[in-house]
Structure formats: C-alpha cells, structure tokens
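J.: Okay, here's the prediction I keep looking at, along with the sequence it came from:
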Amino acid sequence: MKTENMPENIKGNIPLKDYSTFKMGGAAKYFCTVKNEEETKAALDFAITKQLRVFVIGRGSNLLISDDGFDGLVLKIEDSSVKSEATKDGVVLNLGAGNLLTKLALDFQKESIGGLEWTAGIPATLGGAICSNAGANGKEISESVREVRALEMELAPEKYLESYALRSIKKDECAFAYRKSLFKDTKKFIILGATLFLSRGDSDKAKKEIEKNLENRRQKQPIEYPNAGSTFKNPVLSEEQKDKLSQKCPHFADVCKNSTVPAGWLIEQAGLKGKKIGGVMVSEKHANFIVNTGEGKAEDVVILISLIKQKIRIKFSIQLHEEIEYVGF
Ligand SMILES: Cc1cc2nc3c(=O)[nH]c(=O)nc-3n(C[C@H](O)[C@H](O)[C@H](O)COP(=O)(O)OP(=O)(O)OC[C@H]3O[C@@H](n4cnc5c(N)ncnc54)[C@H](O)[C@@H]3O)c2cc1C
C-alpha cells in the first residue's frame, strides 16, 4: 500500500508481532522506522496530512498489541547515536532514544563508565525505558537522566495528530515514579534522545555485575518463550491487607518489603502457575510472566489477565494493575 506524498520509509499493513517480544498482535496501518529527528518529523507530517493516530515503539518489550493491530502510524525509533563529554566527576552522555540498554551497559563497562549495569538483560530501548521509568535491583533509569529531548504532539479530540513541537524537558519536569513518567501518563511525547550523567566506575567490577545480572535473568525468567516481562506492577498493601495476608500465608514476611509484595508471589499463592488459556500460559518459572507458547493471541492474554485479577481479588482482596501496556484496544 503506497499513498501519494508518503515518505519512502513508511510502509503499509505491517505485522506488529515482528516488533513485539510477545510475538503477537495484528498489523499497523502504517509503520515507519526513524533514525533521527528529520525522519521523525517527516513521518509525523505524513500522519498530520492523513489524520492518523501515532504510537511510538522501542523494542516492543512491554506491549500487548491487539489482534486487530493499530489503526494509525506506528513509529519505531532507531536512533542509536552516542556522544560523550568527560567532566571532573563523570561523563555526560547525549544518547539517541533507540539505543539498547544492555548494549549501552556493555559498551560503557569497557570504557569504565558505571551506573547502567543493572539494566543488563532488560530488552529495552532508552526511549522505552524512560517512558516506563524501567527499573531493577532497586534502581531506576530516572536516577541517571538529566534531560529528555522530545517532540510534544498536539492531538485532536479523536487523538489524531494535529501538530508537534520540539521540547527539552528537565528531569524534575518528567514526573518519574514507579514505572511511570510524564511520557507514559500523557502519551503525547516522542522521545528523540536524552542526556544522562554517569560516574566513572571499576570496569572489572562492572563486568562481574553485568554477568551476574544476565545469569540471574536466565535462571529466573522464562526467556525460552516470547513474553513481555512483568505483567503486573507489584502492589503496595494497606495495613489491613498485610494483616490478612500474614494470617493466610506463613512466608508473607519474607517477601513483603516496604509494604510492597511481588505480584508473581501472589499469583503463585493463588495456584495459577502454569494456568493456560489458548496459546498463552502463566510461566512455571516466574508467575508474573505470561508466555506465548506458540500460537498465542492477544485475546488469550486479555482473558488470562482478567482471570488472574479476579482470583487475586477474591483470594486476597488485592487489585492488581497491569505493567504491560495495551496497544490498539
Ligand atoms: C524478558 C523481559 C524482562 C524485562 N525486565 C524488566 C525489568 O527488569 N524492569 C523493567 O522496568 N522492565 C522490564 N521489562 C519490560 C520492558 O523491557 C521495559 O518496560 C522497557 O522499558 C520497555 O522498553 P521498550 O523500548 O521495549 O519500549 P516498548 O515496549 O516498545 O514501549 C513501552 C512504552 O514506551 C513508549 N515508548 C517507547 N519508545 C518511546 C519513545 N522513543 N518515545 C516515547 N515513548 C516511547 C511506548 O509508546 C510505550 O508506552 C522486561 C521485559 C522483558 C520482555
């Protein structure tokens, strides 16, 4: 499908399962990979002309894409530029949003730049990680971010793109919180890149930490099946919920930290490990992961998520909230 005035890199009717780690979902009406600001603007100009909704993806590692796909333009950011400037205390990095976190951690380790070791094994782009404020091992990407460069979109009431403007957003304007940010909350920004500050580190120590993190993930996460990471956020409990749970579950005190309990532990306690719907299943290895066992459909995931939420509500009076994001529903 080619339309008049359509930039060369925009393609029609592209299956999104090829761009999601879950390996499911229908097609995008239009799809475009962009490597810099000019290409991004050209794609957005096309979206304005055609009155399209726009959805931006990175590695597609946190998405549940509808079996009906996305009726608009999906923009995949692939800018992997890296510019660094040494300072007295560390390094200021200007990074394209398409950089992959694990690659950054490995490359920086070789140059004795520390601070991103915890990201090793998270299959994310920098833009996606900033949008979701990705975190692991008690750390979050927001800790290293100084400023974000983005295109802010003005949307019509029907969510079609009307216009856009370039913006620099300082860290304290980014509204970072647990798996949240201004970008996630508003869905109005296309992150082009970010300035990070990282300190100098010990290369050997960093290498060991990266290897340990990769091994931990291999041991604990079902990487042998397509998945989209943690399905639910870890809920924060009230005193009443904590009391109830400690009476019901003998090991509750071992897993509850600062009133937060792992969603995977709750799902396991509810006896849902291995629960299957169609082509998807609650992982036997890590109960907060839903895996695609082959021919999984987004509809199967929606049914399984609904069943898990209902069981957890009935058994523990706790409402789970999705960490994965729905696209095209
Ligand atoms: C095996 C596995 C392990 C995981 N482990 C972790 C973990 O330890 N910690 C953790 O936090 N997450 C984890 N995740 C989830 C996921 O990797 C993160 O949420 C990640 O930040 C998503 O990055 P992405 O580039 O894939 O973004 P996508 O999944 O493509 O998109 C996620 C969100 O970011 C937005 N987005 C993407 N790029 C941009 C951009 N350039 N501008 C504006 N918005 C953008 C999208 O619109 C969407 O809202 C894991 C996932 C998997 C599959």
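T.: That came through fine.
J.: what separates the residue lying farthest from the centre of the chain from the ligand, distance-wise?
T.: Relative to the mean C-alpha coordinate of the chain, counting by CA atoms, centre = their mean, the farthest residue is Gln247 (34.9 Å). Distance of Gln247 to the ligand, given as CB to the nearest ligand atom, to the nearest Å: 31 Å. Quick note: C-beta positions are derived from backbone N, CA and C, even for glycine.
J.: and Asp71, what is it in contact with?
T.: Asp71 is in contact with 29, 53, 328, counting by CB atoms under 8 Å, 6 or more residues apart in numbering.
J.: Now it: which helix or strand?
T.: strand 70-77 (DSSP states H and E).
J.: Please, where are all the strands along the stretch 101-250 of the chain?
T.: Remark: strands assigned in the stretch 101-250 of the chain by DSSP state E, counting those that start in this stretch are 113-114, 135-136, 139-140, 145-155, 161-170, 189-200, 227-230.
J.: Just give the nearest non-adjacent residue to Lys311, would you?
T.: Nearest residue to Lys311, sequence neighbours excluded (CB to CB, 6 or more residues apart in numbering): Ala270, at 4.8 Å.
J.: no wait, Asp79
T.: Asp79 sits nearest to Gly96 (CB to CB, 6+ apart), 3.1 Å away.
J.: Now that neighbour. Its backbone dihedrals?
T.: Backbone torsions of Gly96, given as degrees, to the nearest 10, read phi -70, psi 150.
J.: quick one: it from the ligand, how far?
T.: Counting by CB to the nearest ligand atom, the gap from Gly96 to the ligand is 9 Å.
J.: Dig out what that residue forms beta bridges with.
T.: For Gly96, the beta-bridge partners under DSSP bridges are Gly193.
J.: That one reaches Leu196, doesn't it?
T.: No - in terms of CB atoms under 8 Å, Gly96 does not count as a neighbour of Leu196; the distance is 11.7 Å.
J.: Now do the same contact list for the residue of the stretch 201-329 of the chain at minimum distance from the ligand.
T.: Residue nearest to the ligand within the stretch 201-329 of the chain (CB to the nearest ligand atom): Gly229, separated by 2.4 Å. Applying CB under 8 Å, 6+ apart to Gly229 gives the contacts 21, 61-62, 122, 289, 323-324.
J.: circling back to that earlier point, contacts (any at all) between the ligand and the strand holding Asp71?
T.: Yes - residues of strand 70-77 contacting the ligand under CB under 6 Å from any ligand atom: Ile77.
J.: Work out the sheet partners of that strand and label each with its direction, please.
T.: Strand 70-77 is paired, per DSSP bridges, with strand 27-34 (parallel), strand 54-57 (parallel).
J.: Quick one: distance of the very next helix or strand once past that strand to the chain centre.
T.: Note on strand 70-77: by DSSP H and E, the next helix or strand toward the C-terminus is strand 82-86. The chain centre lies 25 Å from the centre of strand 82-86; the measure is CA atoms, centre = their mean, to the nearest Å.
J.: quick check: angle from strand 82-86 to strand 189-200?
T.: Per axes from the mean of the first three to the mean of the last three CA atoms, to 10 degrees, the angle that strand 82-86 makes with strand 189-200 is 40 degrees.
J.: what bridges to the closest residue to Gly90 other than its chain neighbours?
T.: Of all residues not flanking Gly90 in the chain, Ser199 sits nearest, at 3.9 Å (CB to CB, 6+ apart). When bridges are called by DSSP bridges, Ser199 pairs up with Gly90, Gly114.
J.: distance of Ser199 from the ligand?
T.: Ser199 is 22 Å from the ligand, by CB to the nearest ligand atom.
J.: contacting residues for the most centrally placed residue in the chain?
T.: Most central in the chain under CA atoms, centre = their mean is Asn62, positioned 4.1 Å from the mean C-alpha point. Neighbour list for Asn62: 124, 128, 132, 228-229, 323-325 [criterion: CB under 8 Å, 6+ apart].
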